[in-house]
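# requesting a structural model of the entry that follows:
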Amino acid sequence: MHRSTSAWMTRRGFLSKATASSLAVLSSCGRREPAAELLHVSYDATRELYRRINRAFAEHREVNNQQPLRIKMSHGGSAAQARAVLDGLPAHIVSLAVWLDIDTLVRHGLIDPSWESQFPHRSLPYISTVVFVVRQGNPWNIRDWPDLLQDKLRMVTANPKTSGGARLNVLAAWLSVTARGGSFQEAREYLGRLLRKVPVLDSGTRGAALTFARKGIGDVLLTWENEAFLLQRELQGQIEIVHPPLSVQAEPHVAVVHVHARSHGCEEGARDYIRFLYSPVAQNIIADQYLRPVDRTEDVQFPPMQLLRPTDPQHQLGNWHDIQQRFFAEGGLIDQIYENMAINIDPTDPPVHSRPHHRSA
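Numbers count the residues shown, from 1 in each chain. Prediction:
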């Protein structure tokens with residue numbers, strides 16, 4: 001599992017350190033102390049983004065003569081992060097890859113039901129999408145989703161049971177068929193053939209990116225657009241990014257975890273932090289980290305694509321709860337595909353070293 005190695009940034013490590021003394025530190029958020037703290041629990045592909053935003057937020061509060069407010073971060077697969085909060089990780093803020101992961105916390109009473117209307121653009125400071133990362137020179141000549149089914153080509157993606165980004169990969173693949181007039185059966189067949197090409201499932205998008213980039217596994221990586229650009233910047237001359245004509249619109253919402261924020265006296269600080277995400281300073285950082293700011297409908301740095309929302313009625317998938325049941329719940333389409341693989345193994349297929357784990361929230 002490729003989550004942060006620091007004790008704070010891992011669910012197990014954090015919970016093992018959440019003794020009475022450490023919780024007392026968290027509960028000091030509402031006091032006029034030099035170093036009040038908020039815990040922000042986020043999905044895998046936001047480490048660089050929030051490192052920069054948190055520094056800018058600290059400067060913003062200092063310039064405005066506000067109490068210093070240190071932001072602690074926890075990163076991991078989106079569904080696993082939601083589960084960690086349910087299991088006791090005392091987050092004050094969450095930013096998760098899909099709406100359903102925040103709704104899980106709402107249904108368990110940790111977040112107010114009105115969360116989506118509390119900040120602009122449905123509590124959505126930016127959007128993103130899913131793109132392809134290929135080896136330098138694009139040896140497989142990848143341009144669009146059908147190209148991913150070439151014989152012997154190998155894919156890398158994260159585990160859709162633990163990673164919100166991987167769920168979006170699945171939905172992008174599905175919509176690439178149905179949005180062009182294909183049937184649900186054709187989309188199912190395409191998805192099954194695609195997943196058969198994945199030799200290993202990492203728990204999150206960052207782990208999948210490292211598997212592709214550093215371990216040299218796979219020919220094509222499915223990942224967030226910002227993760228792809230960051231990889232390209234790090235691995236200059238080794239990889240290329242391919243933007244398919246259409247893909248899924250990723251909507252990583254942000255919300256205050258009201259139960260924890262109120263009990264620790266941190267709610268106003270948490271709200272101030274989220275409001276800052278919509279400021280020109282933060283929106284510039286968001287764009288610089290290759291995410292698509294909500295305050296800019298068009299930006300020349302992002303190639304034009306048709307971005308599809310899975311819950312739009314035209315796709316006939318229903319709401320996020322329907323999508324979860326259809327694709328990702330126990331016994332859903334993903335489980336059915338992998339069970340069929342286990343029964344019908346082709347000797348030319350790569351070994352699937354990690355089946356999806358039932359950790360989806």
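
# now do the same for residue 304: its pLDDT.
We have a pLDDT of 89 for residue 304.

# wait, what's in contact with residue 340?
If you count contacts by Cβ atoms under 8 Å, 6 or more residues apart in numbering, residue 340 has them with residue 192. C-beta here means a position set from N, CA and C on the backbone, and glycine is covered the same way.

# local confidence estimate at it?
On the pLDDT scale, residue 340 is placed at 87.

# that one sits in which helix or strand?
Assigned by DSSP states H and E, residue 340 belongs to helix 333-343.

# what count of nearby residues applies to residue 144?
As a burial measure, residue 144 scores 14 neighbours (other Cβ atoms under 10 Å).

# one more: residue 330?
Per other Cβ under 10 Å, the neighbour tally for residue 330 reads 11.

# the one 5 residues further on now?
Neighbour count of residue 335, defined by other Cβ under 10 Å: 17.

# now residue 278
18.

# and the pLDDT at it?
On the pLDDT scale, residue 278 is placed at 96.

# residue 142 too?
Residue 142 carries a pLDDT value of 98.

# distance of it from residue 41?
34 Å (Cβ to Cβ, to the nearest Å).

# which one of these two has more residues nearby?
Ranked by neighbour count (other Cβ under 10 Å), residue 142 and residue 41 place residue 41 first, with 27 against 21.

# who's in contact with the more buried one?
Shown here is residue 41, whose contacts under the criterion Cβ under 8 Å, 6+ apart are 73, 74, 81, 84, 85, 89, 91, 93, 94, 95, 96, 257.

# likewise residue 142?
132, 134, 148, 220, 242.

# wait, a helix at the third one?
Yes. With the criterion set as DSSP: H, G, I helix; E, B strand; the rest coil, the secondary structure at residue 148 is a helix.

# per-residue confidence at it?
Reading off the confidence values, residue 148 has pLDDT 98.

# now find how far off-centre the helix holding residue 340 is within its chain.
24 Å (Cα atoms, centre = their mean, to the nearest Å).

# could you chop the chain up by domain?
Using automatic domain parsing, the domain parsing of the chain gives 11-124+251-293, 128-250+303-343.

# which stretch in those has the least confidence?
When the domains of the chain are compared on mean pLDDT, domain 11-124+251-293 scores lowest, with a mean of 88.

# and residue 172, what element?
Using DSSP H and E, residue 172 maps to helix 164-178.

# contact partners of the next helix or strand after that helix?
Downstream of helix 164-178, the first helix or strand assigned by DSSP H and E is helix 184-195. By Cβ under 8 Å, 6+ apart, the residues outside helix 184-195 that reach it are 145, 148-149, 155, 170, 173-178, 182, 333-334, 337-338, 340-341.

# try stretch 101-110
Contacts for stretch 101-110 (Cβ under 8 Å, 6+ apart): 78-79, 81-82, 85-86, 94, 96, 111-113, 115, 164, 253, 255, 257-260, 320-321, 361.

# export that stretch as CSV, just CAs?
Included here for stretch 101-110 are C-alpha records, laid out as CSV according to Å, rounded to 0.1, in the frame of the first residue of the first chain:
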residue,chain,number,x,y,z
ASP,A,101,-17.5,9.1,-0.1
ILE,A,102,-18.6,12.3,1.6
ASP,A,103,-22.2,11.2,1.5
THR,A,104,-21.1,8.1,3.5
LEU,A,105,-20.0,10.4,6.3
VAL,A,106,-23.2,12.3,6.0
ARG,A,107,-25.3,9.1,6.4
HIS,A,108,-23.3,8.3,9.6
GLY,A,109,-24.0,11.7,11.1
LEU,A,110,-20.5,13.2,10.9
